[in-house]
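[1] turn this into a structure:
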Amino acid sequence: MRSSTDANSYSEVLGETLNDAKDPILRQLLESCARNFTISELRGINDFYMSPAGQAWLRKGRGLIMPEMERAISDIQPRINETIERRYRERIMN
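    Have a look, this model is predicted:
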């Protein structure tokens, strides 16, 4: 029974930690957009995404942004791993 409890605790900690990591990743992407685009350009980009061509990009273009996402994730991955390990140890010790 202990292993089931441990697995549930680990699953909870993993979910919590990944959820916590979303904000820094999104912040990094937003900062990149803010550095590289004007407000007018961002509005135009938004209009594009609402168009049929933009919708096609959303369906097909994911593979093009994956390298950037992988870099963002690799920057934060060591902290994610440390947090998971620490939270898991704390959870099973209590």
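[2] all helices for the protein, in order.
    2-36, 39-50, 52-60, 62-93 (DSSP state H).
[3] could the ones you listed be laid out in CSV, adding mean pLDDT?
    Output for those, formatted as CSV (pLDDT from 0 to 100):
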stretch, mean pLDDT
helix 2-36, 86
helix 39-50, 95
helix 52-60, 90
helix 62-93, 87
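[4] got those helices as TSV, with mean neighbour count columns?
    Backbone N, C-alpha and C define where each C-beta goes, glycine included. Shown next, in TSV, are these (neighbours: other C-beta atoms under 10 Å):
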stretch	mean neighbour count
helix 2-36	12
helix 39-50	11
helix 52-60	11
helix 62-93	12
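[5] residues touching residue 31, list them.
    With contact set as C-beta atoms under 8 Å, 6 or more residues apart in numbering, residue 31 has no partners.
[6] check residue 33 too.
    Residues counted as contacts of residue 33 (C-beta under 8 Å, 6+ apart) are residue 42.
[7] measure residue 60 to residue 53 for me?
    Distance of residue 60 to residue 53, given as C-beta to C-beta, to the nearest Å: 11 Å.
[8] again but with residue 86, I slipped
    Taking C-beta to C-beta, one finds residue 86 at 46 Å from residue 53.
[9] check residue 17 too.
    Relative to residue 53, and taking C-beta to C-beta, residue 17 is found at 37 Å.
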